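Undergrad: just the structure for this:
(2 chains)
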Number of protein chains: 2
Amino acid sequence: MADLVWASMGELARLVATKAVSPVEIVNAHLDRIAALDGTLKAYITVMTDSARSAARNAEARVMAREDLGPLHGVPVGLKDLYCTKGVKTTGGSRILGDWVPTEDATVVTRLAAAGAITLGKLNMHEFAYGPEGLNVHYGTAWNPWDWAAHRICGGSSSGSGAAVAAGLCPGALGSDTGGSIRIPSALCGLTGLKPTYGRVSRAGVLPLAWSLDHVGPMCRSAVDCALMLGAMAGHDPRDPSTSALPVPDYRAALTGEVKGLRIGLLRRFFLETAGPPQRLAVEQAVKTLEGLGASVRDVSLEQMKYAAGVAAAVISVESYAYHEAWLKTRGPEYGPDVRERLLAGAFVSGADYLKGQRARRLIRDEVDQVLGDVDVLIAPTVPIAATEVGVSEVEVDGRRAPVRPSLIRYTRPFNASGHPAASVPCGFTADGLPIGIQVVGRSFDEATVLRVADAYQRVTDWHTRRPPLGA
Amino acid sequence: MADLVWASMGELARLVATKAVSPVEIVNAHLDRIAALDGTLKAYITVMTDSARSAARNAEARVMAREDLGPLHGVPVGLKDLYCTKGVKTTGGSRILGDWVPTEDATVVTRLAAAGAITLGKLNMHEFAYGPEGLNVHYGTAWNPWDWAAHRICGGSSSGSGAAVAAGLCPGALGSDTGGSIRIPSALCGLTGLKPTYGRVSRAGVLPLAWSLDHVGPMCRSAVDCALMLGAMAGHDPRDPSTSALPVPDYRAALTGEVKGLRIGLLRRFFLETAGPPQRLAVEQAVKTLEGLGASVRDVSLEQMKYAAGVAAAVISVESYAYHEAWLKTRGPEYGPDVRERLLAGAFVSGADYLKGQRARRLIRDEVDQVLGDVDVLIAPTVPIAATEVGVSEVEVDGRRAPVRPSLIRYTRPFNASGHPAASVPCGFTADGLPIGIQVVGRSFDEATVLRVADAYQRVTDWHTRRPPLGA
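TA: Numbering: from 1, shown residues only, chains lettered A, B, ... in the order given. Here you go, the predicted structure:
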């Protein structure tokens, strides 16, 4: 049974479809592991034991009745606790919504259920998704399974998603990404996580941080599983006017393992050059591996990166303040102090500065589009540093002191501003045994190529198959 | 020759195509009338005498060569002076751009030229389009041809477009409309003017006031001519990402004269109820006329109207400040005092309040969509008052004192917030002989129905054919 918690989502779906394993066994194996480990890890805010067991029994019955099964039939998933779940409290990691029970599912929750997935529970996160560290004063911080004893962070804001998938508490989860919140915990927890193109996946029923930068997407242990989850979720949603009407390709079928002739643009300036030595080495080695598979590599540069910090500051602070303004006025003390302070700063940004931020995004996006005219994907480290211990606000990178929070988001946030699809893929470990991620960025709505590169790499490497030192 | 300046655009195109009249005669007739009257009316900032004559000779040559002719071949047009014209100064009605010569035409200028239209010149306007009065301290205010001796305003900001078309100084013109700037001068000058749906007509190469509310469109003497101009301009433009890819119908063919069975929603509350008595009577009479043609009428109400003033205040002030910020800092004294003061107010609006304005638009739009689910068009007065004398800041409406500026835009700005197509159509005169307009609002991208209603009305009334007391 223990192996069920390390099986991929694709394997689980096959085991269920062939009646080799019942969804009930799969769900129970995960619930048992959650019971054993989550008191320490704090990946879950809410474990949906009863509804998951009931869904598993229904899923089993459908298998026995030989009904048509969805691509994730009987496969458990976890949901960052900002996805609305009908009848199940949805806290956003906050005390303010501590007792809030939505009356409707988020569109992607409905779609995953339609594909056969079974929700195990609601995952921990930085309060209201406003922090790349993944801390939480209300529900306890989710610890990084790769060094939980030292209380290292998972990275955030999708910290519980990172911890749960890395620790075998669910095979795949949904995160959300406004400045890197899917890719950062994926990198720090050794997962494969994808921020799809802006407009590819519906955000209806997902609590916003900053709606013009928010993206939702999967965090799994492989590119194959990300492809399965994305395929089940992507596409137009009348409930979310920002979604695109472009057709959804078969992402799973796009994973051919082939990268011969693929043109890689390596982001040295502003990215690779400023990363810590282990991150730099691991990414350079991964690029060599892709070259060995027939890809060509050239250096490229994104000069408009210089605006990314200003864009994030103006846009996130204004949109988040606009969303939280009423609560800040009436329930201010209920926020965690870090998030309250970040939110309140938004009151001081002028409308004109907000628009300046929005207009600068155009420069960033146009440059990424232009660079992606000559290459098929961009590659960079996901994060310049490894998971830090909680409370550490500065680390040493290559002999310099670097602040943790800005370092965490530096390489990821430009692609929130630009809207391009970007994945983090495990590509090595530090000397301390902490995971390192490589970031793969593709053309708008070309998630297929991003996932194909990740999958081709994972066919010849085993970083993504390593298990954290938790026992079993 | 004098009749040429009162002919419709459709008639002029037919006269040219049948070789009854040369484009050279048409252009000269208009240039002569401009020379005779515009020293007083001040409709034009720049008269493009040489290029118009040269274009007319070319147009004549193409007729003689029996080439295929566009639907506006040889027909003169005027352009509000915020449409970029290659090689011809484009002032935006300002001193700041007093000598600015664009190197490219606006997309719609290119499209009108491709349809055969000949640009006569650049038309006066409220500085940078920021004012519904249509005043201009730099180029002199364009006077309303219906009572120029009393120095009545045309309404703005497309004041020169209103004066020129009403006075026979061009048969049709382009205006722009952020809070009513096409419809207000159309109503006050006795014209038929259309603000198309947001996204229907490209704004590439048009100076912005507030880009999320700005619309461009035609101001003519009939609905037929608006249909001709709109057909020549509408449709997707890669240079303006806000334009829709929806196909462009044949607007001219949609003018069947038929309104039998048409369902009219009459906006009494907030609109008709608060208009001055002559406006109320004229609109009620016009609705009766449409009923006589077979339309049915019911009262409808837009309760979200209450947010329209706040939306306009937040969105226009922030977007205009964002555009003008650098100039305000370096060239502030060169603005007219009224516009400078309005622009500077934008610096004090927070990002969150701007977003509050943008989000309130959704409420307005959804309600208009909903009401237009039960009726085919909405009808209201365009403006509650008639053209005032310059300098008058309050007028009496039905025994109450009403401020001029807010009164001018009250009925028009909700449909900038909502983005729906809206036309103003002449429907009578005050006892002083000043024009009154009725506003017809349609479903998104259903300009065809709006114009069909206007045309059906114009087939049985002659308000739009009256000429102002200018002689000839």
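
Undergrad: how far does stretch A:60-72 sit from its chain's centre?
TA: 29 Å (CA atoms, centre = their mean, to the nearest Å).

Undergrad: got the end-to-end distance for it?
TA: Distances were taken as CA to CA, to the nearest Å; on that basis the terminal residues of stretch A:60-72 are 13 Å apart.

Undergrad: for stretch A:40-56, same thing?
TA: First-to-last distance for stretch A:40-56 - CA to CA - comes to 26 Å.

Undergrad: buried residues of it, list them for me.
TA: Using 16 or more other CB atoms under 10 Å in any protein chain shown as the test for burial, stretch A:40-56 gives A:L41, A:K42, A:A43, A:Y44, A:I45, A:T46, A:V47, A:M48, A:A52, A:R53, A:A55, A:A56. C-betas here are computed from N, CA, C, even on glycine.

Undergrad: so which of those residues is the closest to chain B?
TA: A:I45 (28.2 Å; CB to the nearest CB).

Undergrad: return the residues of the stretch 301-450 of chain A in contact with chain B.
TA: The stretch 301-450 of chain A has residues A:314, A:317-319, A:321-322, A:325, A:346-356, A:359 near chain B, with proximity defined as CB under 8 Å from any CB of the partner chain.

Undergrad: same thing but 7 Å
TA: Proximity of the stretch 301-450 of chain A to chain B, by CB under 7 Å from any CB of the partner chain, involves residues A:318-319, A:321-322, A:325, A:346-347, A:349-356.

Undergrad: what is the nearest of the buried residues of stretch A:40-56 to B:R14?
TA: A:A55 (71.1 Å; CB to CB).

Undergrad: before we move on, the earlier item: whichever of the residues of the stretch 301-450 of chain A next to chain B end up buried, select them in ChimeraX.
TA: Here is the ChimeraX command that selects only those of these that count as buried (16+ other CB under 10 Å):
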select /A:318,319,321,322,325,346,347,349,350,351,352,353,354,355,356
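
Undergrad: so which residue is dead centre in chain A?
TA: A:I182 (2.2 Å; CA atoms, centre = their mean).

Undergrad: next up, phi/psi of the residue lying closest to it once chain neighbours are set aside, please.
TA: Spatially, and ignoring its direct neighbours in sequence, A:I182 is nearest to A:G175 (4.0 Å; CB to CB, 6 or more residues apart in numbering or on different chains). For A:G175, the backbone dihedrals (degrees, to the nearest 10) come out as phi -120, psi -180.

Undergrad: surely A:G175 is in contact with A:G193?
TA: Yes - the criterion here is CB atoms under 7 Å, and A:G175 meets it with A:G193 at 6.3 Å.

Undergrad: what separates A:S176 from B:D240, distance-wise?
TA: 31 Å (CB to CB, to the nearest Å).

Undergrad: these two: which has the busier surroundings?
TA: A:S176 (25 against 19; other CB atoms under 10 Å in any protein chain shown).

Undergrad: what's the neighbour count on A:P247?
TA: Neighbours of A:P247 (other CB under 10 Å): 9.

Undergrad: ah, wrong one, I meant A:V287
TA: 19.

Undergrad: would you tell me what the next helix or strand after the host helix or strand of it is?
TA: Assessed by DSSP states H and E, A:V287 sits inside helix A:277-292. Note on helix A:277-292: by DSSP H and E, the next helix or strand toward the C-terminus is strand A:296-300.

Undergrad: let's verify A:T256: helix, strand, or coil?
TA: coil (DSSP: H, G, I helix; E, B strand; the rest coil).

Undergrad: how close does A:L470 sit to chain B?
TA: A:L470 is 44 Å from chain B, where distance means CB to the nearest CB, to the nearest Å.

Undergrad: and that residue, how close does it get to A:I184?
TA: From A:L470 to A:I184 the distance is 21 Å (CB to CB).

Undergrad: now do the helices in chain A.
TA: Taking DSSP state H as the criterion, chain A contains helices spanning A:9-17, A:23-41, A:49-64, A:107-114, A:159-166, A:183-189, A:223-233, A:277-292, A:308-331, A:337-345, A:351-374, A:404-409, A:414-418, A:447-460.

Undergrad: among the ones you listed, which is nearest B:P76?
TA: helix A:351-374 (36.7 Å).

Undergrad: what packs against that closest one?
TA: With contacts defined as 3 or more CB pairs under 7 Å, 6 or more residues apart in numbering or on different chains; DSSP states H and E, helix A:351-374 has these neighbours: helix A:308-331, helix A:414-418, helix B:308-331, helix B:351-371.

Undergrad: list the contacts of A:G428.
TA: A:G428 makes contact with A:A282, A:Q285, A:I436, A:W463, according to CB atoms under 7 Å, 6 or more residues apart in numbering or on different chains.

Undergrad: dump those into CSV; add neighbour count and pLDDT as well.
TA: Listed next are the contacts of A:G428 as CSV, based on neighbours: other CB atoms under 10 Å in any protein chain shown; pLDDT from 0 to 100:
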residue, neighbour count, pLDDT
A:A282, 23, 98
A:Q285, 14, 98
A:I436, 29, 98
A:W463, 20, 98
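
Undergrad: now the residues you listed in a markdown table, with distance to B:L209?
TA: Listed next are the contacts of A:G428 as a markdown table, based on distance: CB to CB, whole Å:
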| residue | distance to B:L209 |
| --- | --- |
| A:A282 | 52 |
| A:Q285 | 54 |
| A:I436 | 50 |
| A:W463 | 54 |
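
Undergrad: ok, of the residues you listed, which one's closest to chain B?
TA: A:I436 (36.6 Å).
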